[in-house]
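Chemist: This is a predicted model, with the sequence first.
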Amino acid sequence: MGRTCKLHTARPAAWESNPEPIHCALCQKTALKNTTGDVLEMPPCSFTPEEHKGMSKESMMEIRKKYCHPMTMKFTSYKKPMFVHQGHMQWLWDVDGRRYLDLFAGVATVSVGHCHPKVTAAAVKQLRKLWHTTNIYVYPSIHEYCEKLASNLPDPLKVVYLTNSGSEANDLAMLMARLHTGNFDIIALRGSYHGGGSQTIGLTSNSSYKFPVAMGLGCTNTMCPDVFRGPWGGSHCRDSPVQTIRDCNCAQGHCIANEQYIDQLKETFTTSVPSKIAAFIGEPIQGVAGAVQYPKNYLKEAYKLVREKGGVCIADEVQTGFGRTGSHFWGFQGHDVLPDIVTMAKGIGNGFPMGAVVTTREIAECLSKKGSHFNTFGGNPVACSIASSVLDTIKEGGTQQNSLKVGTYLMVELAKLRDEYEVIGDVRGKGLQIGVEMVQDKASRAPLSSQDMNQLFEDIKDMGVLIGKGGLYGQTFRIKPPMCITLEDANFFLSVFNKSIQNYMERR
């Protein structure tokens with residue numbers, strides 16, 4: 001065509017009054033101005049979103065304040081809210097047509113990409129055939145999916161119960177553990193998030209999610225073996241491309257931190273629970289807590305102790321499952337352990353509400369022998385068709401391998417920024433389950449203030465990237481994108497993140 005887009009040859013005059021992203025329809029690129037006036041160019045995207053012709057931003061906010069529960073307002077992420085209109089793979093567009101690189105995936109939920117064509121086609125095909133029936137009838141999609149899901153888990157984890165969410169899956173896992181063992185008490189790690197239901201709230205160890213009423217009886221939280229923020233940890237502890245900057249004096253093959261955290265678990269057995277317990281539940285990498293990782297052998301030794309106490313071991317794969325950690329399909333495989341029960345949700349349906357509990361035949365039968373448990377929507381035909389397509393897409397599209405490749409690159413490059421800036425305390429994770437913990441200084445490891453975190457968070461969004469926040473103090477950025485992101489996307493984020501830190505340092 002021979003024409004040059006002015007967007008990429010000079011700063012548009014509109015930037016003088018509008019710092020927001022400006023999109024060029026001609027070349028399908030978006031450029032952004034940060035606070036120093038530098039141009040950061042987004043990777044190209046050939047997809048063209050529909051023009052938003054619906055409700056105005058003002059009307060949405062008025063309804064949100066008037067009719068939506070106040071908790072909805074509490075979780076509105078930004079000072080200048082993000083009004084999402086459409087999504088395609090790793091991209092989101094707002095109602096004004098601005099494009100954003102989505103590195104949070106609806107809280108680590110969009111596994112293979114927003115509106116992935118293959119998954120969308122599977123949903124449409126099933127919607128035209130049968131929206132809903134329950135599992136009191138026998139229909140193909142639920143059986144096809146259960147067989148396919150079970151084939152991706154090791155023996156004897158072959159019995160599947162489908163649910164609507166991760167919270168419900170964990171609630172059911174608690175019930176099965178108690179029925180199977182005849183014991184009541186369940187141990188979880190501090191900093192954990194396993195759901196907000198009346199039972200799972202006991203497993204969730206974060207005061208932000210607690211209410212002053214009796215909930216989650218029989219749950220005990222033990223010390224989280226966090227090798228960055230915890231009392232023990234060194235530079236060889238975790239299974240990650242990036243280690244902590246803490247000194248480590250351990251001999252080869254010997255982890256003092258792991259011994260100390262296991263001693264804390266033993267002390268919990270001695271002081272806080274009966275001689276026999278029902279279960280131990282843990283995320284292979286903590287999600288809401290900010291991609292917290294444990295010493296390499298912690299789960300293996302913890303599982304052994306739990307089984308000696310009569311309990312079963314539950315792996316919460318709600319955020320780590322379906323290839324997100326890159327090295328393995330399930331997070332527990334990276335710890336070389338075999339749980340008795342596995343729970344999953346989020347990425348299972350690429351954002352469609354669904355969850356599952358997978359366990360052994362022996363544990364599963366305790367539920368049917370000692371009572372009845374029914375789920376109207378569990379195994380819904382549309383949910384099963386979508387989830388089946390997600391599994392196919394992960395396998396056929398090399399999604400897990402991409403997660404390992406891009407995630408490892410991101411962490412290694414983020415570690416270089418950690419070494420450059422005093423406020424970046426830790427970079428950790430596996431695959432595309434990444435946490436960047438922000439601190440006031442590396443010596444104290446004191447969490448960066450919520451005000452400073454919010455400024456950085458807002459700045460990153462204004463430059464065109466969406467990430468999450470987590471940690472007990474809200475001090476950790478969570479990077480958990482759709483697993484289809486590219487190295488080019490990663491480099492764009494690294495430029496944005498670097499510039500946001502520079503902007504922050506100039507404001508201090």
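Modeler: Great, that's in hand.
Chemist: From the chain's centroid, how far away is stretch 69-77?
Modeler: In terms of CA atoms, centre = their mean, to the nearest Å, the centre of stretch 69-77 is found 20 Å from the chain centre.
Chemist: average pLDDT across that stretch?
Modeler: What stretch 69-77 shows for mean pLDDT is 84.
Chemist: With just CA atoms, put it into PDB.
Modeler: C-alpha atoms of stretch 69-77 as PDB (Å, rounded to 0.1, in the frame of the first residue of the first chain):
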ATOM      1  CA  HIS A  69     -23.300  -6.400  45.800                       C
ATOM      2  CA  PRO A  70     -20.800  -4.100  47.500                       C
ATOM      3  CA  MET A  71     -18.200  -6.900  47.300                       C
ATOM      4  CA  THR A  72     -18.300  -6.400  43.600                       C
ATOM      5  CA  MET A  73     -17.100  -2.800  44.000                       C
ATOM      6  CA  LYS A  74     -14.500  -3.900  46.600                       C
ATOM      7  CA  PHE A  75     -12.900  -6.100  43.900                       C
ATOM      8  CA  THR A  76     -12.900  -3.500  41.200                       C
ATOM      9  CA  SER A  77      -9.200  -3.700  40.400                       C
END
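Chemist: buried stuff in that stretch?
Modeler: Using 16 or more other CB atoms under 10 Å as the test for burial, stretch 69-77 gives no buried residues. C-beta coordinates here come from the backbone N, C-alpha and C atoms, glycine included.
Chemist: Which residues does that stretch contact?
Modeler: 64-65, 457, 469 (CB atoms under 8 Å, 6 or more residues apart in numbering).
Chemist: Looking at the residues you listed, which is nearest Y294?
Modeler: Y294 lies nearest to K469 out of those, by CB to CB, at 21.6 Å.
Chemist: hang on, the closest one in a strand?
Modeler: Yes - assessed by DSSP: H, G, I helix; E, B strand; the rest coil, K469 belongs to a strand.
Chemist: May I have the beta-bridge partners of it?
Modeler: Residues in a beta bridge with K469, per DSSP bridges, are F477.
Chemist: wait, isn't it in contact with F457?
Modeler: Yes - with contacts counted by CB atoms under 8 Å, K469 reaches F457, the gap being 6.2 Å.
Chemist: State the pLDDT value of the residue positioned nearest the centre of the chain.
Modeler: Nearest to the mean C-alpha position of the chain, by CA atoms, centre = their mean, lies A108 at 3.5 Å. You'll see A108 listed with a pLDDT of 96.
Chemist: The one 10 residues further on now?
Modeler: K118 is assigned 98 on the pLDDT scale.
Chemist: And for A251?
Modeler: 83.
Chemist: What count of nearby residues applies to it?
Modeler: With neighbours defined by other CB atoms under 10 Å, the count for A251 comes to 7.
Chemist: low pLDDT regions in this protein?
Modeler: 1-39 (pLDDT under 70).
Chemist: shouldn't the residue nearest to the centre of the chain be in contact with G321?
Modeler: No - applying CB under 8 Å as the test, A108 and G321 come out as separate, 10.1 Å apart.
Chemist: Now for those two: what residues contact both?
Modeler: In terms of CB under 8 Å, 6+ apart, A108 and G321 are both contacted by the residues 346-347.
Chemist: Name only those of the contacts of stretch 69-77 that count as buried.
Modeler: In those, the ones that pass as buried (16+ other CB under 10 Å) are 457, 469.
Chemist: Just the ones of the contacts of stretch 69-77 in strands?
Modeler: Among those, the members found in strands (DSSP state E) are K469.
Chemist: Between K469 and F457, which contacts overlap?
Modeler: Counting by CB under 8 Å, 6+ apart, the residues touching both K469 and F457 are 77, 477.
Chemist: Quick check: end-to-end length of stretch 431-449?
Modeler: Using CA to CA, to the nearest Å, the end-to-end distance of stretch 431-449 comes to 28 Å.
Chemist: So which bits of that stretch are buried?
Modeler: Neighbour-count burial for stretch 431-449 flags 431-440, 442, 445, 447-448 (criterion: 16+ other CB under 10 Å).
Chemist: What of stretch 246-259?
Modeler: Quick answer for stretch 246-259 (16+ other CB under 10 Å): 246, 250, 255-259.
Chemist: neighbouring contacts of that stretch?
Modeler: Defining contact as CB under 8 Å, 6+ apart, one finds that stretch 246-259 is touched by 225, 227-228, 230, 232-237, 295-298, 301.
Chemist: Also stretch 397-413?
Modeler: Residues outside stretch 397-413 that contact it (CB under 8 Å, 6+ apart): 111-112, 240-242, 323-327, 329, 393-394, 427-434, 479, 483-487, 489-490, 493-494.
Chemist: tally of neighbours for S59?
Modeler: Neighbour count for S59, taken as other CB under 10 Å: 10.
Chemist: Likewise for the one 3 residues further on?
Modeler: Other residues within reach of E62, judged by other CB under 10 Å, total 12.
Chemist: Ok, G182 next?
Modeler: For G182, using other CB under 10 Å, the count is 10.
Chemist: which one of the buried residues of stretch 431-449 sits closest to D94?
Modeler: For these, the residue nearest D94 by CB to CB is L432; the value is 23.3 Å.
Chemist: and that closest one, how far is that from L153?
Modeler: According to CB to CB, to the nearest Å, L432 stands 21 Å off from L153.
Chemist: how much space between K430 and V119?
Modeler: 24 Å.
Chemist: which one of those two has more residues nearby?
Modeler: Neighbour count, other CB under 10 Å: between K430 and V119, K430 has more, with 28 against 25.
Chemist: okay but the more buried one is in contact with V292, surely?
Modeler: No - between K430 and V292 there is no contact under CB under 8 Å: 12.0 Å.
Chemist: Need the residues touching each of those two.
Modeler: Residues within reach of K430 and of V292 at once, by CB under 8 Å, 6+ apart, are I285.
Chemist: check which helix or strand covers the residue nearest to F228 when sequence neighbours are not counted.
Modeler: The shortest distance from F228 to any non-neighbouring residue, by CB to CB, 6 or more residues apart in numbering, is to D426 (4.4 Å). In the assignment (DSSP states H and E), D426 maps to strand 424-430.
Chemist: Quick check: next helix or strand after that strand?
Modeler: strand 433-438.
Chemist: Residues touching that next one, excluding its own?
Modeler: With CB under 8 Å, 6+ apart as the test, strand 433-438 has contacts from 108, 228-229, 285, 287, 290-292, 319-320, 324-325, 331, 407, 410-411, 414, 418, 423-429, 447-448, 452-453, 456, 470-471, 475-480, 497.
Chemist: and L179, which of the three is it?
Modeler: Following three-state DSSP, the label given to L179 is helix.
Chemist: What count of nearby residues applies to C146?
Modeler: By the measure other CB under 10 Å, the count of residues near C146 is 21.
Chemist: what number of residues lie near the nearest residue to it once chain neighbours are set aside?
Modeler: Distances taken as CB to CB, 6+ apart put V160 closest to C146, at 4.4 Å, once the chain neighbours are dropped. By other CB under 10 Å, 21 other residues sit near V160.
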